[in-house]
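K.L.:
Any chance you could fold what I've pasted below:
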Amino acid sequence: MKASTGKVHKNHHGFIENDLEAAKVLAAKSKKNLLVDYGAPWCPACVRLETEVFGTKAFKSVTKDFVLVALNADMTVNKSFGKQYNIKAIPTVLILKPDGTELYRALDFAPADVYAQRIKDAKKNLQSAADLEKLAQAGDQKAIETLAENAYNALDMESSVKWYRQIDSQSDRFASAETSMAAKKARADKKTDEYFAILKKWADLKPQSFTGVTATNEWAEFLQNEKKELPADLKERLKANCEFLQNLTKSKADTVKWVAAWDVSPMAPVERAEALSMWKTSAEALGQKEEVVKIQKELQEEVRSLKLSEKRPGEVMATLYYFRQAGLPEIEESWLLKLEKADPNSYVPHMKLANYYVRNKAYEKALPQAKLAVELGEDLRLHNLQTLAEIQKELKQKDEAKKTIEIALAHPEVKEERFKEVLKSLEQLKKDL
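P.N.:
Presented below is the predicted three-dimensional model:
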């Protein structure tokens, strides 16, 4: 990417949009570091940062000495940035020197005050990975912990686990990294002993914590998917979790506090919905059918009580999953229609509505939404063309589907590695027609 000529474009929060080289030039001239937001408009957590964090006084105050940059992860011009910094999930926010050296990395959304405090704390000791590794090799515990967190935020679970093990950490992020790595290995080599041992370890180390309950449920779900009997020890753990979660969820305040103690990702405003879902999973594993029905009713009441707003679209998008969990597709649809009305010129609500209708096999309703998503969304045009062709096929619109596929196959980006699966799907769809 070459340095731009002319005036750079800034969004309403003061971020230079999609022009990293111009931002680097400005950073070098002003002797400031860069803060780069790498996200996309369809990503709930990315939208939450945009609408709930970046415009706040707390965030503006702590970032006033940065050159702010916003890069759309779906634009081809920004793909090299994601590859260079090994970004595997969004939103990722990086602090960089003007020459591009990484000094800090954050993953996911957090409330404005929490996010601002994280950046404030990070600014006190900004160091490159090379400098941190030198300190770590000398036994610096804080440097090791920072390297572990940075690796986790890059979804490099192997490195994260390596560093966390050096300081004998018991953090939730270490648990998440270790179980994720073990699960991946178990699926690859079909050997589960190590995976189950790690799940048991975290269930024992952090009983009745978010991490401990999750580990127990994950253990049970894996065995159920393999159609294997649950051991007596696991059943006892599940029963204990059910009793604990039943008592916990009687108080919304206590549930919020319990979820907030989990240091991986904030879950407001769905803390109680998540805890109820966890309780339901434990009860299902035990075959407690009457209990499951009761929990489902509580979950429905909880999601109906949520105070959502089109002014916080990211929060709405993040909550849609819980409407599905509660078996309330009509509420999911109503909120998607509200988002469409609030922002009709964005491809995002149309894309999400099309996908919603496809999931529910309402292809006639999906068709116009898919067409609008293609028309309005250049960033994800190939994905949306694929969805449109699949809908046309279901509606027996064979000629229209063929035409859509040809448009997609003629797209200049279709042969790029990132669209490998889309290309494969389009070619198979063409054969099926």
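
K.L.:
I'd like to know how far the closest residue to Ala401 other than its chain neighbours sits from Arg418.
P.N.:
Closest residue to Ala401 apart from its sequence neighbours, by CB to CB, 6 or more residues apart in numbering: Gln392 at 3.8 Å. C-beta here means a position set from N, CA and C on the backbone, and glycine is covered the same way. As for Gln392, its distance to Arg418 is 24 Å (criterion: CB to CB, to the nearest Å).

K.L.:
out of those two, which sits in the more crowded spot?
P.N.:
Higher neighbour count among Gln392 and Arg418: Gln392, with 25 against 13, using other CB atoms under 10 Å.

K.L.:
From what I see, the more buried one and Ile407 are in contact.
P.N.:
No. With contacts counted by CB atoms under 8 Å, Gln392 stays clear of Ile407, the gap being 11.8 Å.

K.L.:
What is the neighbour count of Phe15?
P.N.:
22.

K.L.:
was I right about it contacting Glu50?
P.N.:
No. Contact between Phe15 and Glu50 fails when scored by CB under 8 Å: they sit 9.2 Å apart.

K.L.:
Break down the stretch 101-250 of the chain into its strands, ranges please.
P.N.:
In the stretch 101-250 of the chain, the segments counted as strands under DSSP state E, counting those that start in this stretch are 102-107.

K.L.:
quick revisit: against which helices or strands is the helix or strand hosting the residue nearest to Ala401 packed?
P.N.:
Per DSSP states H and E: Gln392 is located in helix 381-394. Here helix 381-394 touches helix 347-359, helix 363-376, helix 398-409, helix 420-432, going by 3 or more CB pairs under 8 Å, 6 or more residues apart in numbering; DSSP states H and E.

K.L.:
Tell me which of those helices sits nearest to Ala89.
P.N.:
helix 420-432 (17.4 Å; CB to CB).

K.L.:
pLDDT on the closest one, on average?
P.N.:
Averaging pLDDT along helix 420-432 gives 92.

K.L.:
Likewise for stretch 230-249?
P.N.:
Stretch 230-249 comes out at a mean pLDDT of 97.

K.L.:
if we can go back for a sec, could you give the angle of the helix holding Gln392 to helix 347-359?
P.N.:
30 degrees (axes from the mean of the first three to the mean of the last three CA atoms, to 10 degrees).

K.L.:
Please identify the buried residues of helix 381-394?
P.N.:
Residues of helix 381-394 classed as buried under the neighbour-count rule (16 or more other CB atoms under 10 Å) are 381-393.

K.L.:
ok, and what's touching it?
P.N.:
347, 351, 354-355, 358, 361, 363, 366-367, 370-371, 373-374, 377, 398, 400-401, 404-405, 407-408, 411, 413-414, 419, 422, 425-426, 429, 432-433 (CB atoms under 8 Å, 6 or more residues apart in numbering).

K.L.:
Look up how far Ile198 lies from Gln224.
P.N.:
Applying CB to CB to Gln224 and Ile198 gives a distance of 18 Å.

K.L.:
er, Ala326 actually
P.N.:
Ala326 is 31 Å from Ile198, by CB to CB.

K.L.:
same check, this time on Pro329
P.N.:
For Pro329, the distance to Ile198 - CB to CB - is 36 Å.

K.L.:
Compare those two (neighbour count), which wins?
P.N.:
Using other CB under 10 Å, the more surrounded residue of Pro329 and Ile198 is Ile198, with 22 against 14.

K.L.:
residues touching the more buried one, list them.
P.N.:
178-179, 182.

K.L.:
One more: Val53?
P.N.:
59, 109-112, 115-116.

K.L.:
Among these, which one is most surrounded by other residues?
P.N.:
That'd be Phe109 among the contacts of Val53, by other CB under 10 Å, with 26 neighbours.

K.L.:
Isn't that residue up against Arg48?
P.N.:
Yes. Phe109 is in contact with Arg48 according to CB under 8 Å; the separation is 4.3 Å.

K.L.:
Return the angle between stretch directions for the helix or strand harbouring Val36 and strand 102-107.
P.N.:
If you go by DSSP H and E, Val36 is part of strand 33-39. Here strand 33-39 runs at an angle of 30 degrees relative to strand 102-107 (the same axes, to 10 degrees).

K.L.:
Alpha carbons of strand 33-39, as CSV, please.
P.N.:
Listed next in CSV are the C-alpha coordinates belonging to strand 33-39 (Å, rounded to 0.1, in the frame of the first residue of the first chain):
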residue,chain,number,x,y,z
ASN,A,33,2.1,5.9,18.1
LEU,A,34,-0.7,4.5,16.0
LEU,A,35,-3.9,2.8,17.4
VAL,A,36,-5.3,0.6,14.7
ASP,A,37,-8.9,-0.8,14.8
TYR,A,38,-9.1,-3.8,12.5
GLY,A,39,-12.8,-4.9,12.2
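
K.L.:
Use 332 as the first number from now on
P.N.:
All set: I'll call the first residue 332, so the last point we hit is now strand 364-370.

K.L.:
So for that strand, mean pLDDT?
P.N.:
Here the average pLDDT along strand 364-370 is 98.

K.L.:
got the buried residues for the helix or strand just after that strand?
P.N.:
Using DSSP H and E, the helix or strand that directly follows strand 364-370 along the chain is helix 375-383. Counting neighbours by 16+ other CB under 10 Å, one finds that the buried residues in helix 375-383 are 375-381, 383.

K.L.:
Reformat those residues into a markdown table and put distance to Asn342 and pLDDT next to each item.
P.N.:
Shown next, in a markdown table, are the buried residues of helix 375-383 (distance: CB to CB, whole Å; pLDDT from 0 to 100):
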| residue | distance to Asn342 | pLDDT |
| --- | --- | --- |
| Pro375 | 19 | 97 |
| Ala376 | 18 | 97 |
| Cys377 | 13 | 97 |
| Val378 | 13 | 97 |
| Arg379 | 16 | 97 |
| Leu380 | 12 | 97 |
| Glu381 | 9 | 96 |
| Glu383 | 15 | 96 |
